[in-house]
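1. Requesting a structural model of the entry that follows:
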Amino acid sequence: MQLTTRNLLLTLLTTLLLTGCASIQRVPFPEGGQDYKLGVGDRLTVTVYNQEKLSGVFTINAKGNVALPLIGSTHAAGRTTQELEDALSTALRPKYLNDPRVSIQVTNYRNFYILGQVNKPGKYEYEPDLTLPQAVAIAEGYTPRASEDTATVRRHGDKEILVFDVDNDKLIRPGDIIFINRRLF
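-> Residues are numbered from 1 along each chain as shown. Down below sits the predicted model:
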């Protein structure tokens, strides 16, 4: 009995020490919004005012580009919608249009992933203004062994792993990988 307790304490101590060595940072969950960066798989509705033939629905391909009439392939991944609007307006001016007005809306976002101690881990379709508690609900809630206090999140394109408080209604982003940790006891 004493040996089992000793092993349990040793395992717990080792886990705590290793967790402290990891490159994890506890930060407030950043809000979504205008700083959303486009990425592979995002579907965009591009409207060039008074130019129906130049407008349409386009998907950002695996190379991060979007192919548009007249302009051809333009790099979109990593840009905001405003930055892409400006780039497309510049590409259309003055060669094709005198004063092009371009509007871009994201119609389908990249998926997000929720793994770990949820009842249905997997890939889910992102919806704007989706919060972390809502993402857990989409994955059919916590398992009995889940830590309901924090979640580990890896932002799409970032190498850094962040730990967030679950009880705040902070927004997640497309491409996020959310991991619900297992509680210790």
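
2. for the chain, what spans make up the helices?
-> 2-21, 81-92, 132-138 (DSSP state H).

3. weakest of these in terms of mean pLDDT?
-> Of all the helices of the chain, the minimum mean pLDDT falls on helix 2-21 (a mean of 48).

4. quick one: the residue nearest to residue 146 when sequence neighbours are not counted from residue 165, how far?
-> If the residues on either side of it in the chain are set aside, residue 146 comes closest to residue 117, at 3.5 Å by CB to CB, 6 or more residues apart in numbering. From N, CA and C alone the C-beta is placed, and that goes for glycine too. Using CB to CB, to the nearest Å, we find residue 117 at a distance of 16 Å from residue 165.

5. neighbour-wise, which of the two wins?
-> Taking other CB atoms under 10 Å, residue 117 and residue 165 do not tie; residue 117 has more neighbours (20 against 14).

6. ok, back up a step: identify the residues contacting the residue nearest to residue 146.
-> 142-143, 145-147, 180-183 (CB atoms under 8 Å, 6 or more residues apart in numbering).

7. For the chain, give me the ranges with low pLDDT.
-> Confidence mapping of the chain against pLDDT under 70 gives the ranges 1-34, 157.

8. quick one, domains of it?
-> Domain assignment for the chain, taken from automatic domain parsing, gives 22-28+110-182, 43-108.

9. Redo these as a markdown table? Include distance to residue 36.
-> Output for these, formatted as a markdown table (distance: least, CB to CB, whole Å):
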| stretch | distance to residue 36 |
| --- | --- |
| domain 22-28+110-182 | 7 |
| domain 43-108 | 6 |
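
10. Strands of the chain, residue ranges please.
-> Remark: strands assigned in the chain by DSSP state E are 24-26, 43-48, 56-59, 65-68, 72-75, 102-108, 112-116, 122-124, 146-154, 161-165, 177-182.
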